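Q: return a 3D structure for these sequence lines:
(one chain, ligands or ions: 1)
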Amino acid sequence: MNTVKVLSDISVAVIGLGYVGLPVAVALARKYPTIGFDIDARRVSTLRNGIDWTGAISQEELVASKLEFQSDPTALADSNFFVVAVPTPLTTGNRPDFSMLESTCKLLGAVLKPGATIVFESTVFPGATEEICGPALEKASGLKCGVDFKLAYSPERINPGDKERQLEAIIKIVSAQDEESLELVAGVYGAIIDAGIYRASSIKVAEAAKVLENTQRDINIALMNEMSKICGLIGIRMADVLKAAGTKWNFLQFTPGLVGGHCIGVDPYYLTAKAEQLGYHPEVILAGRRINDSMPAYLASQIVLKLAVQGMPIRDARVGILGITYKEGVPDIRNSKVVDLYEALATYGIKPRVADPRADVEETRHEHGIELEDCADWSGLDVLILAVPHPEYSEAIQDQINRSVRDGGIFVDIKSIVNSNALRSDLIYLSL
Ligand SMILES: NC(=O)c1ccc[n+]([C@@H]2O[C@H](COP(=O)([O-])OP(=O)(O)OC[C@H]3O[C@@H](n4cnc5c(N)ncnc54)[C@H](O)[C@@H]3O)[C@@H](O)[C@H]2O)c1
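A: Modelled structure (predicted):
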């Protein structure tokens, strides 16, 4: 139970109501008058109707919340504590794309009043809050950064789809440009976070901590992916190797897989961009990125090789993919590496069928030109790929395999979650 005192005279506005912003806004609205602002009017109107399409907040919670939803920036005029959670994606050349952060600063600059605090939660490289956001806010508002308004940074660590580690249960790092604003920010978040507040020594330290957390995961997964390729050449199963190595007390529990989404595969490029700006060319971080990005094409080549070795036709092979989202348990299809796998298979003349119980049919068609199907109807497949092990598949997978894969067909278990000993003996099993 959180016993930290709630500060008075705080009027919050959360900018960007996505996977990060909405849970923060709902939590802050329990303690402070809070506006949830998004430029996407459709997002705002569905939230007003109690629907959160990210699945992070239930309809019950949304309806009960005092959070006020707005898409009109003039509604922000009376706020004095802003939390910014807009996307920080990559350009097509894998460079940081600050355009949404910059347009947010422009929009905030028009409503900012002296005494305001602006906390950035969007993931950025070390230095971006003070070197990019501060000047952009000054330019748009005519106010002086550090005098008329204060900058702060608090990285978000939520893990979409994880119902155990919710916002309140994760230690919150806070940082600000001076002691007074640091205490203010620590106080505001302190009222909603049960796990505790960590005061970083500077904004740059907090920014760097966030990108390091995700870069560390990326590198560790890359190591597992590289080892998986080596195991494939040796002719042993990576899952068996991991089981054996995992008996050592200090072995880290990482597994091979496709690294998609907007964090682990993106944040390292923010860090490397900053390093390059400073004349340092990172080697390990970029090597990890290359390995992880190579996995969809590698998997496609392994599947095609198995088809060829079994004497099955490659062109027009009947392939079914279970799961298109970037990871299990979420509806988010953006930057999913399963799409890359689909496209890699297409280069061999294969047009896979795809099913996903969580992804939106319309959005998948619109974003990727992929028509989602009901996998209950699948039969006679040469290859079935369990790409994203959504909870919906955990019980039903053996039935699904038995129903849909033909005799002597191939079952691809990307994340090695199925007990291969329990599979039909005629099937060929492939995993990372
Ligand atoms: N999703 C995660 O797991 C996660 C975890 C930690 C950190 N982050 C970081 O948090 C930030 C937000 O990520 P997300 O996943 O919540 O993004 P998201 O795409 O789910 O949501 C962002 C929202 O911001 C809105 N938006 C865009 N530009 C805007 C503007 N100018 N003004 C107001 N609203 C605007 C969009 O309409 C969207 O609703 C990113 O920097 C991301 O790297 C994400």
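
Q: hang on, L345 in a helix?
A: Yes - the assignment for L345 by DSSP: H, G, I helix; E, B strand; the rest coil puts it in a helix.

Q: how many neighbours does it have?
A: 25 (other CB atoms under 10 Å). (C-beta placed from N, C-alpha, C; glycine too.)

Q: could you measure from it over to the ligand?
A: According to CB to the nearest ligand atom, to the nearest Å, L345 stands 28 Å off from the ligand.

Q: and for L62?
A: For L62, the distance to the ligand equals 15 Å [CB to the nearest ligand atom].

Q: the residue lying closest to that residue once chain neighbours are set aside: what's it in contact with?
A: Closest residue in space to L62, ignoring its immediate chain neighbours: G50 at 4.6 Å, by CB to CB, 6 or more residues apart in numbering. Counting by CB atoms under 8 Å, 6 or more residues apart in numbering, G50 makes contact with 59, 62-63.

Q: JSON lines for these, including neighbour count, pLDDT and secondary structure?
A: Output for the contacts of G50, formatted as JSON lines (neighbours: other CB atoms under 10 Å; pLDDT from 0 to 100; DSSP: H, G, I helix; E, B strand; the rest coil):
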{"residue": "Q59", "neighbour count": "11", "pLDDT": "96", "secondary structure": "helix"}
{"residue": "L62", "neighbour count": "20", "pLDDT": "96", "secondary structure": "helix"}
{"residue": "V63", "neighbour count": "10", "pLDDT": "95", "secondary structure": "helix"}
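
Q: with distance to T129 added, can I get these in TSV?
A: As requested, the contacts of G50 are exported to TSV (distance: CB to CB, whole Å):
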residue	distance to T129
Q59	35
L62	30
V63	34
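
Q: nearest to D97 among those residues?
A: Among these, L62 lies closest to D97 (CB to CB), at 29.6 Å.

Q: quick revisit: which SS class is the residue nearest to L62?
A: Applying three-state DSSP: G50 is coil.

Q: can you pull the phi and psi angles for it?
A: With angles defined as degrees, to the nearest 10, G50 sits at phi 80, psi 10.

Q: and of the contacts of G50, the nearest to L427?
A: The closest of the contacts of G50 to L427 turns out to be Q59 (CB to CB; 41.4 Å).

Q: if I look at that closest one, how far off is L47?
A: Here Q59 is placed at a distance of 10 Å from L47 (CB to CB, to the nearest Å).

Q: just the C-alphas of the longest strand anywhere in the chain, formatted as PDB.
A: Secondary structure of the chain per DSSP state E: the longest strand is strand 405-413. C-alpha atoms of strand 405-413 as PDB (Å, rounded to 0.1, in the frame of the first residue of the first chain):
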ATOM      1  CA  VAL A 405      -0.300 -30.900 -40.400                       C
ATOM      2  CA  ARG A 406      -0.200 -33.700 -43.000                       C
ATOM      3  CA  ASP A 407       1.600 -37.000 -42.400                       C
ATOM      4  CA  GLY A 408       5.400 -36.500 -42.500                       C
ATOM      5  CA  GLY A 409       5.000 -32.700 -42.300                       C
ATOM      6  CA  ILE A 410       7.100 -30.100 -40.500                       C
ATOM      7  CA  PHE A 411       6.300 -28.400 -37.200                       C
ATOM      8  CA  VAL A 412       8.300 -25.300 -36.400                       C
ATOM      9  CA  ASP A 413       8.400 -24.300 -32.800                       C
END
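
Q: who does that strand pair up with?
A: As defined by DSSP bridges, the strand partners of strand 405-413 come to strand 381-386 (parallel), strand 428-431 (parallel).

Q: any chance of these in CSV, with mean neighbour count, distance to R403 and mean pLDDT too?
A: Listed next are the strands paired with strand 405-413 as CSV, based on neighbours: other CB atoms under 10 Å; distance: least, CB to CB, whole Å; pLDDT from 0 to 100:
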stretch, mean neighbour count, distance to R403, mean pLDDT
strand 381-386, 24, 10, 98
strand 428-431, 18, 17, 95
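
Q: need those in CSV (columns: distance to the ligand).
A: Formatted as CSV, the strands paired with strand 405-413 follow (distance: least, CB to the nearest ligand atom, whole Å):
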stretch, distance to the ligand
strand 381-386, 23
strand 428-431, 26
